[in-house]
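**Student:** Below: sequence and its predicted model.
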Amino acid sequence: MADPSVPLIEIQDLSKSYFNDGVETPVLFHLNLKIHKGEFVAIMGPSGSGKSTLMQILGFLDAHTNGEYIFQGEPTQALDDDALARIRATRVSFVFQAFNLLPRTTVLQNVMLPLIYHPTIPSGERQKRAERAIELVGLTPRTDYLSSQLSGGQKQRVAIARALVTNPDVIFADEPTGNLDSASGVAVMQALKKLNDDGHTIILVTHELGTAQHAKRIIRIKDGHVESDTSDFTRLNTESAHNLK
C-alpha cells in the first residue's frame, strides 16, 4: 500500500521550453507543486498561461525540460518509452473537451475500449468493469445507445466513464465543459465531484472560475508561473475579473 504521506504528484523546480529551428520558447518557469491522492485540484488560467502544457507533463504526454517530476515517490526522468506507455495505459486517464468517442459504437463499447490495451485486466472482466463505470456516471439506461445518439453532456459523461474504467491513480480533465451548455456542464462537474467524493484523484484544467470552483483546491497559472494555490474561493471570486483578463 502506498504511503499516504508521499504525494501522488510532486514537481520540483520544473520548467518547460519548446525548441524550433534553434529558437527556444519558454512556457513554464521553475514550478513547485505537490498533489496528494484523493485531491480534486483545478489548474486554471487564461489562454496561453501554460496550464495545458503542465497537464500534459503531469499526464506523461509531454516531457519537461528542466527540474524534476516525481510520481508516487518515484522520479520519472529516466523512464523509457515502454515504462511511460504502461503508466499511460494503467495509472492515468484523460477526459478532453472534444469527447473523442467513436460515433458508430455503443456507450458500452466506447467505455470498454481502454481495457483492450490494458496489460493486466482479463478480457472476461471488461464488460463488468465497463458497466460499473457507466453506472457511476449515471448512464446505465444509455448503455446500448450509439454515442451519436447522445447529448453533449451525456457524451462527456461517457468519456468520464471511459477514463474511470481502468481504475487509474489520477484522472485529468482538460476543459471538460468547454463544448457544453451551462446545464450539461454542471452535470459533468457533478459527476467528477462524485468520483472525487468516492476517493478518485481529479486534476481539472480550465479557464473558467465557475468550473474550477467544483474542485477543492485551485492552482492559478499565469505566464508560466504559479500565481496562487488556494482553497479560499471567496478571495478568488473578488480577484477573478482582474486576474483572468
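**Tutor:** Everything's here; your move. Given the structure is predicted, the values throughout are model-derived calculations rather than measurements.
**Student:** Report the beta-bridge partner residues of the most centrally placed residue in the chain.
**Tutor:** Nearest to the geometric centre of the chain sits residue 172, at 0.7 Å (CA atoms, centre = their mean). Beta-bridge pairing for residue 172 (DSSP bridges): residue 94, residue 203.
**Student:** domain assignment for the protein?
**Tutor:** Domains of the chain are assigned by automatic domain parsing as 1-90+170-176+201-245, 92-167.
**Student:** Show me what the helix or strand hosting residue 16 is in contact with.
**Tutor:** Element membership for residue 16, per DSSP states H and E: strand 9-20. Contacts to strand 9-20, defined as CB atoms under 8 Å, 6 or more residues apart in numbering, come from residues 24-35, 50, 53-54, 57-58, 62, 64-71, 170, 203, 224. (Glycine included, C-beta is placed from N, CA and C.)
**Student:** go on, stretch 45-63?
**Tutor:** Under the criterion CB under 8 Å, 6+ apart, residues 9, 11, 14, 16, 27-28, 31, 43-44, 64, 69, 76, 84, 87-88, 92, 94, 170, 172, 174, 203, 205, 207, 220-224, 227, 244-245 lie in contact with stretch 45-63.
**Student:** Buried ones among the residues you listed?
**Tutor:** Applying 16 or more other CB atoms under 10 Å to those, the neighbour count classes 9, 11, 14, 16, 27-28, 31, 43-44, 64, 69, 76, 87-88, 92, 94, 170, 172, 174, 203, 205, 207, 220-222, 224, 244 as buried.
**Student:** These in helices, which ones?
**Tutor:** 87-88 (DSSP state H).
**Student:** which residues in the protein form helices?
**Tutor:** Ranges of helices within the chain are 51-58, 81-90, 107-116, 126-136, 152-164, 182-197, 209-212, 233-243, based on DSSP H.
**Student:** Return the most buried member of these.
**Tutor:** Ranked by mean neighbour count under mean count of other CB atoms under 10 Å, the helices of the chain are led by helix 152-164, which reaches a mean of 25.
**Student:** Now do that helix: which elements does it pack against?
**Tutor:** strand 92-96, helix 107-116, helix 126-136, strand 170-174, helix 182-197 (3 or more CB pairs under 8 Å, 6 or more residues apart in numbering; DSSP states H and E).
**Student:** Please name whichever of these is nearest to residue 153.
**Tutor:** helix 182-197 (2.9 Å; CB to CB).
**Student:** what angle do the closest one and helix 152-164 make?
**Tutor:** If you take axes from the mean of the first three to the mean of the last three CA atoms, to 10 degrees, helix 182-197 sits at 20 degrees to helix 152-164.
**Student:** any idea how far helix 182-197 is from the chain center?
**Tutor:** Offset of helix 182-197 from its chain centre (CA atoms, centre = their mean, to the nearest Å): 14 Å.
**Student:** Give me the below-cutoff pLDDT ranges for the chain.
**Tutor:** 1-2, 232-245 (pLDDT under 70).
**Student:** And the residue nearest to the centre of the chain, how far from residue 59?
**Tutor:** Going from residue 172 to residue 59 by CB to CB, to the nearest Å gives 5 Å.
**Student:** So for these two, which residues contact both of them?
**Tutor:** Residues touching both residue 172 and residue 59 (CB under 8 Å, 6+ apart) are 92, 94.
**Student:** rewinding a little: dump the C-alpha coordinates for the strand holding residue 16 into CSV.
**Tutor:** This file holds the C-alpha atoms of strand 9-20, laid out as CSV (Å, rounded to 0.1, in the frame of the first residue of the first chain):
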residue,chain,number,x,y,z
ILE,A,9,2.5,14.0,-7.8
GLU,A,10,5.4,16.3,-6.9
ILE,A,11,7.3,18.7,-9.2
GLN,A,12,10.4,20.5,-8.1
ASP,A,13,11.8,23.5,-10.0
LEU,A,14,10.1,22.2,-13.2
SER,A,15,10.5,24.2,-16.4
LYS,A,16,9.4,23.6,-20.0
SER,A,17,10.6,25.1,-23.2
TYR,A,18,9.8,24.3,-26.8
PHE,A,19,12.5,24.4,-29.5
ASN,A,20,12.0,25.2,-33.2
